[in-house]
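Turn this into a structure:
(3 chains)
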Amino acid sequence: MSNPFFLKKNHISLKEIFDLLKMDSNSIDKDIKINDIKDLINAEKNFITFLHSKKYSEAAKSTKASYCLTTKNLKDYLPTNCKPIIIKDVLLATSLITQKFYPNSIEDVFDVEVKKIEEVNLKNKVIYGKNVLVGENVDIGSGCLIGHNTIIEKNVKIGNNCKIGSNTVIRNSFIKDNVSILDNCVIGKKGFGFFPKNSKNIRYPHIGIVIINENCEIGCGATIDRGSMSNTEIGKNTFLDNQVHIAHNVKIGENTIIAGQVGIAGSSMIGKNVRIGGQAGISGHLKIGDNVDIAGGSGVIKDIPNNTKVMGYPAKNIREFLRENNQ
Amino acid sequence: MSNPFFLKKNHISLKEIFDLLKMDSNSIDKDIKINDIKDLINAEKNFITFLHSKKYSEAAKSTKASYCLTTKNLKDYLPTNCKPIIIKDVLLATSLITQKFYPNSIEDVFDVEVKKIEEVNLKNKVIYGKNVLVGENVDIGSGCLIGHNTIIEKNVKIGNNCKIGSNTVIRNSFIKDNVSILDNCVIGKKGFGFFPKNSKNIRYPHIGIVIINENCEIGCGATIDRGSMSNTEIGKNTFLDNQVHIAHNVKIGENTIIAGQVGIAGSSMIGKNVRIGGQAGISGHLKIGDNVDIAGGSGVIKDIPNNTKVMGYPAKNIREFLRENNQ
Amino acid sequence: MSNPFFLKKNHISLKEIFDLLKMDSNSIDKDIKINDIKDLINAEKNFITFLHSKKYSEAAKSTKASYCLTTKNLKDYLPTNCKPIIIKDVLLATSLITQKFYPNSIEDVFDVEVKKIEEVNLKNKVIYGKNVLVGENVDIGSGCLIGHNTIIEKNVKIGNNCKIGSNTVIRNSFIKDNVSILDNCVIGKKGFGFFPKNSKNIRYPHIGIVIINENCEIGCGATIDRGSMSNTEIGKNTFLDNQVHIAHNVKIGENTIIAGQVGIAGSSMIGKNVRIGGQAGISGHLKIGDNVDIAGGSGVIKDIPNNTKVMGYPAKNIREFLRENNQ
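The predicted model follows:
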């Protein structure tokens, strides 16, 4: 599932893209049309993709994209079906083109078009509190409860038997059956991704969504940001305690337990049957295996293999940590 | 004070309990009635209790309960007045029976029966903001203020001269005189206690409440969960800064100061005149003495005796920690 | 800019001040009037100031104040134009006199006088959601958006093109142009400053405000407290992620990036172009230089010079930290 919610332009001409990137477009055939922008793996024929780091050279070799934003040093990883477009700042260019395709994915202003739930056709389907607001393109299954002052903005799909608390804001999210989301949460806002630039940072588009699978529980005051190019996803039957922060693009497996005030930085992948103690922090772009135990307060800065127990900052084997600290 | 708020069944027959636990009940006298389930110390005659760890063997020896869920290895700690019921998973059995006694203590859905404060008899007693909602069985003293969008769900007692901020949710709580609770708090939701089970965790009942004693201040965005079998309690004149998380069953003494973003895990006991610096974390089931100083950022994983200053992760004597780190 | 929002008494007689501090006022000339209370640097002629620590002896030497609350040991740092008033607890005396000048700066009760935005003259100027409340003395520029259930209490000035999310509370703040404040924030409440006193703490007055400069972004669930004697200020184009806590009197420079769940304790000064990783904590009264990188999870307990990268708890040079931990 990818980005069902953001309005996408049908196509953009390659010439427009060159103009946008302030590259010489005189020699570009005006009739070449690009259908979408995706990462190396998900891009198809007539799509544009991007390659900004050698880390992704394997994925590059088999991309189906027709064009790829990349650097001089990386262009040789691309297959013959994929023409390189050489540019200095690949991610900035990617951001600019993504904005062009998805013009409403940058800003995260509140949904001004929501209506009181009494005024929409969900009225007889859900049990709802006072002052509940619902946007357009919202679908809610049977047997759901939605608490007071909660705002389900546009582009949200909620399954059956879900329980949403009070004072919660949900947007750009797909919530499956039997999920509980408690009070004062914010689910589906754009991630904290931008290009730092003196005097005026450039926001990165976030065309991903948040997917919360069956039987999950999300504690009070949680924030779960939606993904930039991919989705943020919480696996089945995973429980989050209060005040947890899940950044954009994070994937969490099934049956995982995350205690209070944990923070998981952008794009990290957490396995299944993982237990994370209170206030632990996980850096971005890491891979935490299955059946991992991370003790409360730990700071994880490296990948962790399956079936491992870690503790400390930086997190290391728990027995080693306790021994070193005479515990 | 214990559990004044949860509807309790008058009694359950011992036979029903055996059936619930899928144990052979053919030989059980149908007329034996159990009045309630409590911990070893608070259980009375004709109550059922539970003993799941050797740690509680002393308490077991003098329990007044008539029956006790326990294991083969632990049953001999029980006095003759208390008959053991041998079961493998004592806590799960305890949970099932608690649910049977307190059928509405599992789920924490929003209180659908609240009314606008203008429609209840508190109208002339409190100074209130816009869109304030109040549930049944709510009692509020004189001289109180309740901010905008705040929801006082059913089963809440608030003393005199309390100041509640805006966007706050309170349920199953007893707030005494002169307490300030600031904006965006959630007080009294169920704790993060459940039995992990692949594909569908089993929620633990929370029949405790939150008690906040006189002159306390609770900062913005705080979450204080109610207890499972006992209460969560904050002592007199204890101040909590913003974004603090207090888990279920925690007890905090008087005149304690807790800075921003501190987290205290389930069932820990904090003494009086304790100072806890920002972002410190305290693991579950610990005993922190009186007059203890815990430096900001510390991770406490062991009991701390009275009159001690600690720092670090794991937290240790502050002088030792600073010396080891050449500070 | 200082304290435009708190109602100030025109002047208080020196005799009143002596009486308030329970000092012998028989010999005080009844006609001496004090115009205001300020810190050593900002105080002017006929103002009272305070000197409670040797750390401020340099500032003391050139103060323009006519009177200064101080101790016997410190009084000799004062210039001849400034008469010492010797008292044991300088900060408590300062607090009492500040309360006298600014009687409504102690308590932080919700603004009971707010109106629905439809009823005030901002209606045609801003795009607003449902249930938006606005207090007196609120000024909002053009092109602003204000989300659902958001409360702009009295004494707030918002510039042009600002975007405020839903469920946010703002008071005593000056928000400049192009600022985004996301959902569920609390901006401008009083700081966590008080004099601990058994059985009833004494709250410290907070007459400062929060200033958020141009192009800033403040993430969901953030809390930014207003200053006590000075202001809390966020520099231009500084971005804060979700669940960040900024305590009273903190100053943050321009172009700084602060990741999720960071906490900055009272009165610390953060430079420009600083990057602070997720969950890092910074103790109070520190000075963090420009172009500093603080790794996620760090606990900073000392000043950090310009152009430094630190990590760890206590935070130290990042290379040293990684080497010591075999990373």
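
backbone phi and psi for the closest residue to chain B within the stretch 201-327 of chain A, please?
Relative to chain B, the nearest point of the stretch 201-327 of chain A is A:G297 (3.5 Å; CB to the nearest CB). C-beta coordinates here come from the backbone N, C-alpha and C atoms, glycine included. The phi/psi pair for A:G297 (degrees, to the nearest 10) reads phi 80, psi -10.

Ok, A:L92 next?
Torsion angles, degrees, to the nearest 10, at A:L92: phi -60, psi -40.

Name the nearest residue to it, ignoring sequence neighbours.
Distances taken as CB to CB, 6 or more residues apart in numbering or on different chains put A:F195 closest to A:L92, at 5.5 Å, once the chain neighbours are dropped.

How about A:S62?
Among residues not flanking A:S62 along the chain, A:P79 sits closest, at 6.8 Å (CB to CB, 6+ apart).

and A:E58, that's in a helix?
Yes: under DSSP: H, G, I helix; E, B strand; the rest coil, A:E58 falls within a helix.

What is the neighbour count of it?
10 (other CB atoms under 10 Å in any protein chain shown).

still on that earlier bit, now do the contacts for the residue nearest to A:L92.
Neighbouring residues of A:F195 by CB atoms under 8 Å, 6 or more residues apart in numbering or on different chains: A:L91, A:L92, A:S95, A:N201, A:I202, A:Y204.

Who is it paired with across the strands?
A:I202 (DSSP bridges).

For chain C, state which of the contacts of A:F195 is nearest.
Closest to chain C, out of all of the contacts of A:F195 and judged by CB to the nearest CB, is A:N201, at 6.0 Å.

Could you give the backbone dihedrals for the closest residue in space to A:I127 that isn't next to it in sequence?
Leaving aside its sequence neighbours, A:I127 sits nearest to A:L145 (CB to CB, 6+ apart; 4.8 Å). Main-chain dihedrals, A:L145, degrees, to the nearest 10: phi -120, psi 140.

which residues does A:L145 contact?
Applying CB under 8 Å, 6+ apart, the residues contacting A:L145 are A:V126, A:I127, A:Y128, A:C162, A:K163, A:I164, B:V109, B:F110, B:V112.

mind checking pLDDT for the residue of the stretch 201-327 of chain A closest to chain B?
Looking at A:G297, its pLDDT stands at 97.

Against C:I294, how distant is it?
18 Å (CB to CB, to the nearest Å).

Give me the more crowded residue out of the two.
More crowded of A:G297 and C:I294, by other CB under 10 Å: A:G297, with 33 against 27.

I'd like the distance from the more buried one to C:G299, if you could.
For A:G297, the distance to C:G299 - CB to CB - is 11 Å.

what's the answer for A:T70, then?
40 Å.

residues contacting the closest residue to A:D303 other than its chain neighbours?
The shortest distance from A:D303 to any non-neighbouring residue, by CB to CB, 6+ apart, is to A:K287 (4.6 Å). A:K287 makes contact with A:S268, A:M269, A:D303, A:I304 under the criterion CB under 8 Å, 6+ apart.

tally of neighbours for the last one?
Residues lying near A:I304 (other CB under 10 Å) number 24.

Closest residue of the stretch 201-327 of chain A to chain C?
A:G299 (3.5 Å).

In a helix, A:R319, correct?
Yes: counting by three-state DSSP, A:R319 is found in a helix.

Who are the contact partners of A:M269?
Counting by CB under 8 Å, 6+ apart, A:M269 touches A:V250, A:K251, A:L286, A:K287, A:I288.

err, A:Q279, not the other one
Counting by CB under 8 Å, 6+ apart, A:Q279 has contacts A:A259, A:G260, A:Q261, A:V262, A:G296, A:G297, B:G263, B:Q279, B:G281, B:G299, C:Q279.

Likewise for A:G312?
Counting by CB under 8 Å, 6+ apart, A:G312 has contacts A:A295, A:S298, A:G299, A:I318, A:F321, B:Y313.

Next up, phi/psi of it, please.
According to degrees, to the nearest 10, A:G312 has phi 110, psi 180.

Next: the one 4 residues further on.
Dihedral angles of A:K316 (phi, psi; degrees, to the nearest 10) stand at phi -140, psi 180.

And stretch A:314-327, end to end?
By CA to CA, to the nearest Å, the extent of stretch A:314-327 from end to end equals 17 Å.

how close does the spatially most central residue of chain A sit to C:Q243?
Nearest to the mean C-alpha position of chain A, counting by CA atoms, centre = their mean, stands A:G227 at 1.8 Å. A:G227 sits 19 Å away from C:Q243, going by CB to CB.

again with A:F321
27 Å.

And for A:Y67?
Taken as CB to CB, the span from A:Y67 to C:Q243 is 39 Å.

So for these two, which sits in the more crowded spot?
More crowded of A:Y67 and C:Q243, by other CB under 10 Å: C:Q243, with 30 against 22.

from what I can see that one touches A:H245, true?
Yes: under the criterion of CB atoms under 8 Å, C:Q243 makes contact with A:H245 at 5.3 Å.

quick one: common contacting residues for the two?
Joint contacts of C:Q243 and A:H245 (CB under 8 Å, 6+ apart) are A:T223, A:G263, C:G260, C:Q261.

before we move on, what SS does the nearest residue to A:D19 once chain neighbours are set aside have?
Spatial nearest neighbour of A:D19, chain neighbours left out: A:S25 (5.3 Å); criterion: CB to CB, 6+ apart. Following three-state DSSP, A:S25 is assigned to coil.
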